[in-house]
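In: Pasting the sequence and the predicted coordinates here, then a few questions.
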Amino acid sequence: MIDTPVKLTQYSHGAGCGCKISPAILDKILHSPIAAQTDPRLLVGNDKRDDAAVLDLGNGTALISTTDFFMPIVDDAYDFGRIASANAISDVYAMGGKPVLAIAILGWPIDKLPPNVAQKVLEGSRAICAEAGIALAGGHSIDCPEPVFGLAVNGLVNIHQLKQNSTATAGCRLYLTKALGVGILSTAQKRGVLLEDDAAIALKSMVTLNKLGEVFGQLDGVKAMTDVTGFGLLGHLSEMCEGSGLSAVVEFENVPVIAGLDYYLDQQCFPGGTQRNWASYGHKVGALTDKQKYILADPQTSGGLLVAVSPDSTGEVEQILQDQGCPFQRLGWLKPQDDGPLITVV
């Protein structure tokens, strides 16, 4: 008897970071009339809307703690494990830190999918953890209506090298280390129209670790950093702007974009998360074309790092990006807030 390959995306209503609750609804969930518990050791908490929590260990070093999980964005179980793990570990890199330990989070529909498929998810996770130099040291699992996987990750960072999304300064230049469009390609895959070459491009992007974050953590000229995931470039940039009290100008022609997206946009291949994103923060953004909206609000899974760099350090950062084969063209800049939109796209 020949085993029929399991296509994981058939068992979930969403895909990857496109499953994230919209920014507007998340604001309501996180809002509480009860004052949050304060701890003087907590350098970054939930109030910061940053990528991870950060706790001062009292010795010049801080603990970075984060978790991220989602439903399948690809059909292959091993690749799903790799993508979900790279995505979760990215939060540590986005804070300028070094990951040190991971714990698995697994939800599995045991009445629909055999355990050996879940085993392949974990194998993919272990492969990415090994690439990051950390152990997948345990975890927790539940019987769940849809397959869910992710990690809780801890990391370490020297406090003076900690990067946040709220510490940018006026004049900073903006860079993005991965091209946009993964959400569009993932939607095309679910609809069965994704070209084979484009599937390989999307997978390579999503399993690539954001190790550059640890490098950028050592640069004083990198003023702020975050990773671009489910809220799209505009969503995460708006968080950076609001946290830093700034506004942004984005030069659309300089934004790194996966080649060939027009083919899929012509077929209306964009995820539902794009519309939810736009409904949450579109009022903060100046006028856009439909194409610009579908790309700039596209939910990214295991997306790149959005880096705000002081003008006198752009040469050093661009050299690092070039050496690593990453996009290094400046996509925009930050400026003091005025009466105009929070983000202007030109």
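Out: Noted; the coordinates are in hand.
In: Assign Asn87 to helix, strand or coil.
Out: Classification of Asn87 by DSSP: H, G, I helix; E, B strand; the rest coil places it in helix.
In: That one touches Ile73, doesn't it?
Out: No - if you go by C-beta atoms under 8 Å, Asn87 and Ile73 don't touch, sitting 9.2 Å apart. (C-beta placed from N, C-alpha, C; glycine too.)
In: out of those two, which sits in the more crowded spot?
Out: Just comparing Asn87 and Ile73: by other C-beta atoms under 10 Å the higher neighbour count belongs to Ile73, 33 against 29.
In: chain center to the helix or strand containing Ala199: distance?
Out: Assigned by DSSP states H and E, Ala199 falls within helix 196-207. Put simply, helix 196-207 sits 16 Å off its chain's centre (C-alpha atoms, centre = their mean, to the nearest Å).
In: How about the contacts made by the most centrally placed residue in the chain?
Out: In the chain, the C-alpha nearest the mean C-alpha coordinate belongs to Thr229, at 2.8 Å (C-alpha atoms, centre = their mean). Listed by C-beta atoms under 8 Å, 6 or more residues apart in numbering, the contact partners of Thr229 are 17, 20, 68, 87, 90, 236, 299-303.
In: who's in contact with the residue nearest to Gly155 when sequence neighbours are not counted?
Out: Closest residue to Gly155 apart from its sequence neighbours, by C-beta to C-beta, 6 or more residues apart in numbering: Val92 at 3.4 Å. Contacts for Val92 were tallied using C-beta under 8 Å, 6+ apart; they are 52, 64, 66, 98-99, 153-155, 213.
In: just Val193 next, same as before
Out: 264, 267, 269.
In: a strand runs through the second one, doesn't it?
Out: Read that as Gln267. No - going by three-state DSSP, the assignment for Gln267 is coil, not a strand.
In: That one - how many residues pack around it?
Out: 13.
In: Just give the nearest non-adjacent residue to it, would you?
Out: Here the residue nearest Gln267, using C-beta to C-beta, 6+ apart, is Val193, at 6.2 Å.
In: Now do that neighbour, the pLDDT please.
Out: You'll see Val193 listed with a pLDDT of 93.
In: Look at it and give its secondary structure.
Out: coil.
In: thinking again about what came up before, with respect to Leu42, which of the contacts of Val193 is nearest?
Out: Checking the contacts of Val193 against Leu42 with C-beta to C-beta, the nearest one is Cys269 at 41.8 Å.
In: so the closest one makes contact with Gln189?
Out: No - Cys269 lies out of contact with Gln189 (C-beta under 8 Å); the separation is 9.1 Å.
In: any chance you could map the helices in the stretch 51-200 of the chain?
Out: 77-94, 115-132, 182-190, 196-207 (DSSP state H, counting those that start in this stretch).
In: just checking, which of those sits deepest inside the structure?
Out: Comparing the helices of the stretch 51-200 of the chain by mean neighbour count (mean count of other C-beta atoms under 10 Å), helix 77-94 comes out on top with a mean of 28.
In: What's the separation between Leu8 and Trp108?
Out: 11 Å (C-beta to C-beta, to the nearest Å).
In: Now list whatever residues contact both of these two.
Out: What both Leu8 and Trp108 touch, as defined by C-beta under 8 Å, 6+ apart, is the set Pro147.
In: quick one: the residue nearest to the centre of the chain is in a helix?
Out: No - using three-state DSSP, the secondary structure at Thr229 is coil, not a helix.
In: Give me the phi and psi angles of it.
Out: Main-chain torsions, Thr229, degrees, to the nearest 10: phi -130, psi -120.
In: Do you know the pLDDT at it?
Out: Residue-level pLDDT assigned to Thr229 equals 94.
In: Check Pro5 too.
Out: pLDDT at Pro5 comes out at 70.
In: How many residues are close by it?
Out: Pro5 has 9 nearby residues by other C-beta under 10 Å.
In: OK, contacts around the residue lying closest to it once chain neighbours are set aside?
Out: Nearest residue to Pro5, sequence neighbours excluded (C-beta to C-beta, 6+ apart): Asp75, at 7.6 Å. Neighbouring residues of Asp75 by C-beta under 8 Å, 6+ apart: 5-10, 189.
In: dump the residue contacts of Gly124.
Out: Gly124 neighbours (C-beta under 8 Å, 6+ apart): 77-83, 85.
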